[in-house]
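Visitor: any chance you could fold what I've pasted below:
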Amino acid sequence: MKETRKFNKKPETELKIKKGQQFPLTIKRLGIDGEGVGFFKRQVVFVPGALPGEEVVCEAVKVSHKFATGKIIKWRKESEDRIKPPCPIYDACGGCQLQHLSYEGQLREKKDVVRQAFERYTKINLDRISFKNTIGMEDPWNYRNKSQMQAGVRKGKVVAGLYSSNSHELINIDKCIVQHEQTDTVTQVVKQIVQDLNISVYEEKKRTGFLRTIVTRVGFETGEYQLVLITSTKDFPRKELFLEELKRRLPDITSVVQNINSQKTSLVFGDETIVLAGKEKIEEKIKEFTFHLSGRAFFQLNPVQTVKLYNAAKKAAKLTGTENVVDAYCGVGTIGLWVAKEAKELRGMDVIAESIADAEKNAEAHGITHAKYEVGKAEEWFPKWEKEGWKADVVIVDPPRSGLDDSLIKTLLRTKPQRIVYVSCNPSTLAKNVQELSQGGYKLKSLQPVDMFPQTAQVEAVALLER
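Guide: Presented below is the predicted three-dimensional model:
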């Protein structure tokens, strides 16, 4: 009789890293949040602040059955791409993740982050398609046209800033080197006036106080700028005094708006908006296009890179003047207007009514008469248009980080546009959606990463899919 041996597998728990354990680690790549990624005892270890190619000793600060998070105890080998972060509060503030990595290194690693997403969620070989290097900036500083600073009180003083990474500690920011300088100026003035007039600041736990968030948007080309005060109530204490003082300190301010958000929510904006002074909207120009922007309207945060992003989308669309084009998630109509002259007809939709109103005005202002905009979701309008006998040849999508709705993917697979140009701000959901579309008859033809947010872990990409 043949002897049967039983080999007991060691339980997986024996391989686990223990919390507080220190161990050497070689960093293989960057993760999607900008942290270094290595492997110890076959477990993934995420190490914030570590860079690919570095050898470190780290300590496990958080452990689960899937991964561990470590902190660096010491470096054994540093990356040649490591630099000193120029921001004095970089380590405390959660706004940037990659100031310690040279800009050339950022562009290289962001392309790799896109590659990782496709290797994880698809069966597509990116070496067989046109997968280009990341498009970067000549000057990767002071590029953001909009700031959104949470208000708070610290030791009796009004502060405004961002929450520290993985915490609810508000970090006061007086100057941010990735923001347009005018947004810093406006935020500082508002903080001081609120302090001087003793206007209350919202406390989340108690749900008391007035001022929640200070939002400022600047037109890089026009010089116009808008202040949006997010408040917990419509009643504005000492409103006239506030506006009088604001106008004295910022005499050239274009627009002052109040947005009311009385809900206990992580969403910044509420549904009601009131113009307090100046114009309702500010103008911004990108190349030959002028856009009218209301307080809640979506608009790309980096106008310099927006030109490169939209040119990449335009190139991918390959329009000849004979195509019906849909600009889904259209916002104020920016991408659609960028390609409109090469389209037979343009249609767009967005769930925010103010954005659609802006899109219509923007189209009219540029003499684009073959554009039509609707309030609602793409999956609602596609079937209606189909019944009218109108079919899209090219669909441009620029969804939120969550990616395309399942219903929209099903709609695209049913209506079968010839080309889909997918502008993405999240490589993971892009890859997942591309996999679903490829299973439904589409083929990924090209992939272009674009660095819209230097110094952060975020990377955008333009993907072209064809039937």
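Visitor: okay, CA-based contacts and neighbour counts for the rest of this
Guide: Will do.
Visitor: which strand is the longest one in the chain?
Guide: For the chain, the strand reaching the highest residue count under DSSP state E is reported as strand 67-77.
Visitor: so what does the next helix-or-strand element following that one touch, helix or strand wise?
Guide: Per DSSP states H and E, the first helix or strand lying C-terminal to strand 67-77 is helix 103-121. Packing partners of helix 103-121 (3 or more C-alpha pairs under 8 Å, 6 or more residues apart in numbering; DSSP states H and E): strand 29-30, helix 427-439, strand 443-450.
Visitor: between these, which gets nearest to residue 189?
Guide: When the helices and strands packed on helix 103-121 are compared for distance to residue 189 using C-alpha to C-alpha, the nearest one is strand 443-450, at 34.0 Å.
Visitor: where's that closest one relative to the chain centroid, distance-wise?
Guide: Strand 443-450 has its C-alpha centroid displaced from the chain centroid by 19 Å (C-alpha atoms, centre = their mean, to the nearest Å).
Visitor: what's the angle from it to helix 103-121?
Guide: Angle, strand 443-450 to helix 103-121, by axes from the mean of the first three to the mean of the last three C-alpha atoms, to 10 degrees: 150 degrees.
Visitor: and strand 443-450, what does it pack onto?
Guide: helix 103-121, strand 130-131, helix 303-317, helix 427-439, strand 460-466.
Visitor: winner for burial among the ones you listed?
Guide: strand 460-466 (a mean of 24; mean count of other C-alpha atoms under 10 Å).
Visitor: ok, the residue lying closest to residue 322 once chain neighbours are set aside - contacts?
Guide: Using C-alpha to C-alpha, 6 or more residues apart in numbering and skipping the chain neighbours, the partner closest in space to residue 322 is residue 344 (4.9 Å). With contact set as C-alpha atoms under 8 Å, 6 or more residues apart in numbering, residue 344 has these partners: 321-325, 370.
Visitor: just among those, which is most surrounded?
Guide: residue 325 (28 neighbours; other C-alpha atoms under 10 Å).
Visitor: check for me that that one belongs to a strand.
Guide: Yes. Counting by DSSP: H, G, I helix; E, B strand; the rest coil, residue 325 is located in a strand.
Visitor: how near is it to residue 344?
Guide: Counting by C-alpha to C-alpha, to the nearest Å, the gap from residue 325 to residue 344 is 8 Å.
Visitor: tell me what residue 225 is bridged to.
Guide: Under the criterion DSSP bridges, residue 225 forms beta bridges with residue 218.
Visitor: what's the weakest-modelled helix or strand in the chain?
Guide: strand 289-293 (a mean of 87; mean pLDDT, DSSP states H and E).
Visitor: what packs against it?
Guide: Using 3+ C-alpha pairs under 8 Å, 6+ apart, strand 289-293 is in contact with strand 282-286, helix 353-365.
Visitor: so for that strand, what gets flagged as buried?
Guide: Under the neighbour-count criterion of 16 or more other C-alpha atoms under 10 Å, strand 289-293 has 290-293 buried.
Visitor: sheet-wise, list the partners of it with their directions.
Guide: strand 282-286 (antiparallel).
Visitor: what about residue 187, is that helix, strand or coil?
Guide: helix.
Visitor: shouldn't it be in contact with residue 216?
Guide: Yes. Taking C-alpha atoms under 8 Å as the definition, residue 187 is a contact partner of residue 216 at 7.4 Å.
Visitor: so residue 323 sits right up against residue 340, yeah?
Guide: No. Residue 323 is beyond contact range of residue 340, at 10.2 Å (criterion: C-alpha under 8 Å).
Visitor: so the least confident helix or strand of the chain versus helix 353-365, what angle?
Guide: 150 degrees.
Visitor: doesn't residue 140 lie inside a helix?
Guide: No. According to three-state DSSP, residue 140 belongs to no helix; its state is coil.
Visitor: distance of the nearest residue to residue 136 once chain neighbours are set aside relative to residue 389?
Guide: Spatially, and ignoring its direct neighbours in sequence, residue 136 is nearest to residue 451 (5.3 Å; C-alpha to C-alpha, 6+ apart). Distance of residue 451 to residue 389, given as C-alpha to C-alpha: 39 Å.
Visitor: who has more neighbours, these two?
Guide: Applying other C-alpha under 10 Å to residue 451 and residue 389 shows that residue 451 carries more neighbours, namely 27 against 8.
Visitor: right, and that one touches residue 462 too?
Guide: No. Counting by C-alpha under 8 Å, residue 451 stays clear of residue 462, with 11.1 Å between them.
Visitor: domains of the protein?
Guide: 18-77, 115-137+302-466, 146-286 (automatic domain parsing).
Visitor: and those domains: which comes nearest residue 105?
Guide: Checking these against residue 105 by C-alpha to C-alpha gives domain 18-77 as the closest, at 9.6 Å.
Visitor: low-confidence stretches in this structure?
Guide: Counting by pLDDT under 70, the chain contains low-confidence ranges at 1-15.
Visitor: re the thing from before, right, and the domains of the chain - which one's nearest residue 92?
Guide: Closest among the domains of the chain, once you apply C-alpha to C-alpha, is domain 146-286, at 5.9 Å.
Visitor: quick check: end-to-end length of the closest one?
Guide: Per C-alpha to C-alpha, domain 146-286 runs 16 Å from first to last residue.
Visitor: same check, this time on stretch 209-226
Guide: End to end - C-alpha to C-alpha - stretch 209-226 spans 23 Å.
Visitor: that stretch: which residues count as buried?
Guide: 209-220, 224-226.
Visitor: again, but for stretch 43-61
Guide: Applying 16+ other C-alpha under 10 Å to stretch 43-61 flags 43-60 as buried.
Visitor: how about stretch 361-372?
Guide: 361-363, 368, 371-372.
Visitor: kindly report the same for stretch 189-207.
Guide: 190-191, 193-195, 199-203.
Visitor: in a markdown table: those residues, plus secondary structure and distance to residue 19.
Guide: Output for the buried residues of stretch 189-207, formatted as a markdown table (DSSP: H, G, I helix; E, B strand; the rest coil; distance: C-alpha to C-alpha, whole Å):
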| residue | secondary structure | distance to residue 19 |
| --- | --- | --- |
| 190 | helix | 44 |
| 191 | helix | 42 |
| 193 | helix | 47 |
| 194 | helix | 45 |
| 195 | helix | 44 |
| 199 | coil | 46 |
| 200 | coil | 43 |
| 201 | strand | 39 |
| 202 | coil | 37 |
| 203 | strand | 35 |
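Visitor: TSV for the residues you listed, including distance to residue 175?
Guide: Compiled in TSV, the buried residues of stretch 189-207 are given as follows (distance: C-alpha to C-alpha, whole Å):
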residue	distance to residue 175
190	14
191	13
193	18
194	18
195	18
199	23
200	23
201	21
202	22
203	24
